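S.K.: only geometry, no sequence info:
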Ligand SMILES: [Zn+2]
C-alpha cells in the first residue's frame, strides 16, 4: 500500500513542483535513506534484486528511500531533479517469475534519466525487455504485484500504470494528481504499449463499442474511486489546497492517520518523502528514514551530496545510533514517547528560504543531529 501525490507549479505557493509519498510496507521492514554518487561503470552487468541486466556507462547521483534488503527503492530523486514513487497494483495479467521489481525499475530510471518523460521511457523499455516479477517482501513469496508510478521533474509529471508487460501513461494535466494502489488511468491516456487495445479486446477485458478504459479493463474487481478511500480523500484535500500547496501541506497530508494515508498496522507507512523541485533554485528533498510520518521528522537534503553524515542507515542489528532503531525503541514504550516534529519542521522550512548552499548543508546536518539527540535523551529517560 502507498500514497503518492504531486502538485504542479500552478498549485503551489512558490511555483515549484511538489511531490510526496508514504511507502507502506511490512511492519518490521527497515527502510533507509541511501545515496549513490554519480558513477562511471566498467562492469558490463548490474545485479538487480533478482536478475542481472546490462549496466550503462554512466549513472546519475541518486538519493533513495530504500528497503534494506533490495536493489531497488520505494521513492527517490536524482541530481537532475527527477523524482519517482511506485505503488502496488493488482491486475488481471498473471504475475510473472522473478524479474525486475517495480522498485528496481524506479532506481534504474533515476540512475539513467534526465527528465520525468525520459525516466518513463527508461522504465517502459526495461519493462518490455525484462518484465516485472518476484517477491516484493523479504522472506514472503506471497507479496507480489504489478506497479504504477508517479514521476515528476521541475516542469511536469506523469503517471505510468502497468499490468504485466502492458502499460499506459498519462501526462498530468490537472494542477494536482495522486495514486493509491489502484489503476487510475481511464480513457484519457497519452501513451500506451503497442497493441494494448487489441490485446484487451481479444481477451474480453474491454468492449469493442466503447472507448478503451485501461483501469476498467485491467484492474481486478474494478470500482469507481470512493470519496471515502485513501485515494478519494487524498485527491479532495489536494484539490481543496490547490494554489496554496507548500512542502508543509504535503507533510500534513502524509500525516493523515484518520484516512489511513499515514498507515498503522501490520502494513504501515515505513518511510516518507516530500520533494520540492525548482526550475531556478536547488531542489529540496525532505525525508524521514523512519516509520509513521505522524511521529517522524522530515529532514531536508539537497544535491550535491558529499555524505549523509550524521545519518546512520539501520542494519538488522538494533543500534540506538540509527534513527530507525531509536524510533522503533521509543514507539514500543507504553505510552509511545515519540515527539511531534511539526513545529521544528516549520522553523527549518522558514530558515532555509534565505539560506545559501553552505548554510543549507549546516541546517540539514543539524536537523539529523537534533532528531538523534532527542531520541537518545528520550530513551535514557524511559528505561
Ligand atoms: Zn500516523
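M.R.: Looks like it arrived, so ask away. Quantities reported herein were computed from a predicted structural model and do not represent experimental measurements.

S.K.: Quick check, the residue in the stretch 101-250 of the chain closest to the ion?
M.R.: Ranked by Cβ to the ion, the top residue of the stretch 101-250 of the chain for proximity to the ion is residue 230, at 12.5 Å. (C-beta placed from N, C-alpha, C; glycine too.)

S.K.: Could you count how many residues lie near that residue?
M.R.: 24 (other Cβ atoms under 10 Å).

S.K.: for residue 216, same thing?
M.R.: 18.

S.K.: buried ones in the helix or strand containing residue 378?
M.R.: For residue 378, the element it lies in under DSSP states H and E is helix 357-382. Across helix 357-382, burial judged by 16 or more other Cβ atoms under 10 Å covers 360-361, 363-365, 367-368, 371-372, 374-375, 378-379.

S.K.: same thing with stretch 194-207?
M.R.: 196, 197, 200, 205, 206.

S.K.: And for stretch 128-136?
M.R.: 130, 131, 132, 133, 134, 135, 136.

S.K.: These also near the ion: which ones?
M.R.: Filtering the buried residues of stretch 128-136 for proximity to the ion by Cβ under 5 Å from the ion leaves nothing.

S.K.: and those residues as a markdown table, adding secondary structure?
M.R.: Shown next, in a markdown table, are those (DSSP: H, G, I helix; E, B strand; the rest coil):
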| residue | secondary structure |
| --- | --- |
| 130 | helix |
| 131 | coil |
| 132 | strand |
| 133 | strand |
| 134 | coil |
| 135 | coil |
| 136 | coil |
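
S.K.: Mind putting the residues you listed into a markdown table with pLDDT?
M.R.: Output for those, formatted as a markdown table (pLDDT from 0 to 100):
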| residue | pLDDT |
| --- | --- |
| 130 | 98 |
| 131 | 97 |
| 132 | 97 |
| 133 | 96 |
| 134 | 95 |
| 135 | 93 |
| 136 | 93 |
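
S.K.: if we can go back for a sec, I'd like the buried residues of helix 357-382 as a markdown table, with distance to the ion and pLDDT appended.
M.R.: As requested, the buried residues of helix 357-382 are arranged in a markdown table below (distance: Cβ to the ion, whole Å; pLDDT from 0 to 100):
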| residue | distance to the ion | pLDDT |
| --- | --- | --- |
| 360 | 28 | 96 |
| 361 | 30 | 96 |
| 363 | 26 | 97 |
| 364 | 24 | 97 |
| 365 | 27 | 97 |
| 367 | 20 | 98 |
| 368 | 21 | 98 |
| 371 | 17 | 97 |
| 372 | 21 | 96 |
| 374 | 18 | 96 |
| 375 | 18 | 95 |
| 378 | 18 | 93 |
| 379 | 21 | 91 |
